[in-house]
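Student: need coordinates for the following:
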Amino acid sequence: MLLTVGVPNLAVIGTIVVIALASVLLSSAPLAWLPSIIGEAWMVLNLVPVHAGGNTISVLPFLPTIGLVWLLAGRIHRAVKHKVSVNDLLLLLACALCVPVLITLVAWFMLWDAGKVYDLAAPNLAVAVLRVAVIHLVALALGMGPRLWTALLKRYGLPVTVVASAQVAFRFIGALLVAGLALLLVVGLFGWQRQDEILSSYPDLPAAGAAVLYGLSLLYLPNAALVAGANLLGAEFHMGQASVSLFSIHLVPLPPLPLVGVIPGSAPAWALVLLVLAGVAAAWAWRGKNPSPRAAVEASVLAGLSVALLAAFTTGEVGVYGATGIMVAMAGALAVVWVLVIGLAAWAISLWQDRRAKAPAVAPAAAPAAAAASPSADGARAREADAAEVEPDEGVPAGADSVDSAEEAGSGADTAADADVAADAEIVDPDDADGAEAVNADAEDPAQSEPDDGPEIIDAEEVAAEEAAAEEEDDATAGAGEDAGQAEQQAASTGDEAADPADGVARGGSQKD
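Tutor: This next block holds a predicted model:
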C-alpha cells in the first residue's frame, strides 16, 4: 500500500524537479532558486496559497490538481478493485495521508528557509496540510470505487443507498461542468473581438509571450467552467469589485488574460433562460435511477457539499484585486435545491406511471366479479318462474328443498372458503422463506455464526454479483405476478362466458313450459 501511494507522489516530485531545473538552466537563473521553485510548485499543485512579492494568490489553476487526483485514484483503484481486507484499507488510508503531508512539510521548510533570502513567504502550515489532506482523501475515495464502498457499507450495516445517491450527485456536477464549458466556448466565439483587445494591451508581445498567456488560460479553464456552472445554478462570481451572474454583470479592469476576455460586458435579458440547463443537468443525473424521497435528499446533500467544496477551492485572493471566487454558500444551497426538486419530480412521475400501468390490469378483472355477484334481471325472473311452476311432493314438507339448497350452498361456501385458506397457506414470501432457512441454519450450527479470527476480506466483485442476482430475482418475481394476474383475468372471463349459456337455457326452458 505504501508503493501504491508513494510511487505517484514520487513521480510527481521527479517531474517538478526536472521542470524546475530546466527552467533555471534555460533562464540562466541562479541554482539557489531551485529549492524555492520546487516548494512553490508542490504547493500550487495542491492548491495551497502562494505568497510572493507582497502579494497573495490563492485562486490557483485546477488542471494540474485534476491530473494529480486522476493519477492517484487510478493507482488506488487498481490496487483494491478485486479483494482487499479492512486492515489493508486502514494502511492505505494512513499512507494516503502521511506521504503527501510529509512532502508538504519538507516543501514548507524549503519555502520558509528561502524566505530569509528572497521576497517570498511560506504559507500557513495548517492551511497547507489541510488542503493537501483533503485533495488526497478525495483521490482515495474516488479510487475505491462504488463496489468497494457498497461492500464496506454492507459490512458495517450502513445504508447502501448512499452510493447510488453519490453517483447521482457526481453525474450532476459533471453535467454542470460540461454545460459551463460549452457556455464558455459559445460566449468566447461570439466575443472574439475582446480577445484582440486584450492582446492589443501588450504592444510588444512576442509569440512566446502569447503562448504563455494562452497556456495560463488553459490551466485555469476548469476553474472557469466551474464558475460558469455556478452561474447556471443561479450563483454569483466576484473578482474584487466586479460581479458576474446571469442576472447582471458589473465589470472593472480585469487581468489581461484571454480567458478573462470571455466575460461579456453585460448580461442580456434572455440569459435567464440558461437556468434551464441546470434542470437538464439534474434530470440527466437522475436518468436510469430509482428516485425516492430518501434518495433525493441524500443526492441533494452530497451534491451541495461537493459544489461547496469545489467553490471553496476556487475562492481566495488574487493580488491587488482582493477577494475572488464563487459565493460558496449560495452555490451549495442552489445545488441542493436543483437536485432535490428534480429528484422529487422524477419520483412523482415514476409513481404516477406505475399506478397508471397497474390500473388497466385491475379494471378487467373487476368486471367479471361484479357480473357474477349481481346476476342479470332476466336470469332472476326466469328462475323465479321455474320455481313457481314446480309443485312440492306430498311426502316432503314444504320448505325442505329450500333447507337442502341452503345446506348445499353453505357446504359449497365452506368448501370455497377452505380452498381459499389452503391457497393462501401455500403462498410464501421468498424473502420470509430465505430468512426462515437462515435462522434454522444458524440454530442447527451455531459455530458457523461465530466470527472468524482471520482478516476481514471484502470482495467487491461478489457484492456486485449478489446485487445482480437480487435484481434478476426481483424481475422474475414481478413477471410471475403479472402472469398470475393475466391467468386470473382469463379464468374470470371464461367463468362469465360459461354463466351466460346457463341463463339462456333457463330462459329457454321457461318459455317452453
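Student: that's a strand at residue 116, yeah?
Tutor: No. Residue 116 is assigned coil when assessed by DSSP: H, G, I helix; E, B strand; the rest coil, not a strand.
Student: residue 32 versus that one, what's the distance?
Tutor: 12 Å (CB to CB, to the nearest Å). No exception for glycine: its C-beta is placed from N, CA and C like everyone else's.
Student: please name the nearest non-neighbouring residue to residue 121.
Tutor: The spatially closest residue to residue 121, leaving aside those adjacent along the chain, is residue 51, at 4.1 Å (CB to CB, 6 or more residues apart in numbering).
Student: strand partners (parallel or antiparallel) of the helix or strand harbouring that neighbour?
Tutor: Element membership of residue 51, judged by DSSP states H and E, is strand 50-52. The pairing partners recorded for strand 50-52 under DSSP bridges are strand 55-57 (antiparallel), strand 120-121 (antiparallel).
Student: quick one on the thing from earlier: what residues are up against the residue nearest to residue 121?
Tutor: Residues near residue 51 by CB atoms under 8 Å, 6 or more residues apart in numbering: 120-123.
Student: ok, residue 116 and residue 32, which is more surrounded?
Tutor: Per other CB atoms under 10 Å, whichever of residue 116 and residue 32 has more neighbours is residue 32, with 11 against 6.
Student: ok but that one is inside a helix, no?
Tutor: Yes. Under three-state DSSP, residue 32 sits within a helix.
Student: quick one, what contacts it?
Tutor: Neighbours of residue 32 in contact, by CB under 8 Å, 6+ apart: residue 117.
Student: at 10 Å what do you get?
Tutor: 24, 114, 117-118 (CB atoms under 10 Å, 6 or more residues apart in numbering).
Student: can you list the domain ranges for this structure.
Tutor: For the chain, automatic domain parsing gives the domain ranges 1-158, 160-371, 462-513.
Student: ok, of these, where does mean pLDDT dip lowest?
Tutor: Mean pLDDT values for the domains of the chain show the minimum at domain 462-513, a mean of 52.
Student: now the helices for the stretch 201-350 of the chain?
Tutor: Remark: helices assigned in the stretch 201-350 of the chain by DSSP state H, counting those that start in this stretch are 207-219, 221-233, 276-286, 293-313, 328-373.
Student: what helices and strands are in contact with the third one?
Tutor: So that's helix 276-286. helix 161-190, helix 221-233, helix 293-313, helix 328-373 (3 or more CB pairs under 10 Å, 6 or more residues apart in numbering; DSSP states H and E).
Student: quick one: that helix to helix 293-313, angle?
Tutor: Orientation check (axes from the mean of the first three to the mean of the last three CA atoms, to 10 degrees): helix 276-286 against helix 293-313 gives 120 degrees.
Student: then helix 276-286 to CSV, C-alphas only?
Tutor: Taking Å, rounded to 0.1, in the frame of the first residue of the first chain, the C-alpha atoms of helix 276-286 are listed here in CSV:
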residue,chain,number,x,y,z
VAL,A,276,-32.9,25.6,-17.7
LEU,A,277,-29.5,24.0,-18.3
ALA,A,278,-29.2,23.3,-14.5
GLY,A,279,-32.5,21.5,-14.5
VAL,A,280,-31.4,19.5,-17.6
ALA,A,281,-28.2,18.5,-15.8
ALA,A,282,-30.2,17.4,-12.8
ALA,A,283,-32.6,15.4,-14.9
TRP,A,284,-29.8,13.7,-16.7
ALA,A,285,-28.2,12.8,-13.4
TRP,A,286,-31.4,11.0,-12.3
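Student: okay, buried residues for it please.
Tutor: 277-278, 281-286 (16 or more other CB atoms under 10 Å).
Student: and which of those is nearest to residue 192?
Tutor: residue 277 (22.7 Å; CB to CB).
Student: that closest one and residue 179 touch, don't they?
Tutor: Yes. Using CB atoms under 10 Å, residue 277 is in contact with residue 179, at 4.7 Å.
Student: the strands paired with strand 50-52: which one's closest to residue 324?
Tutor: strand 55-57 (9.5 Å).
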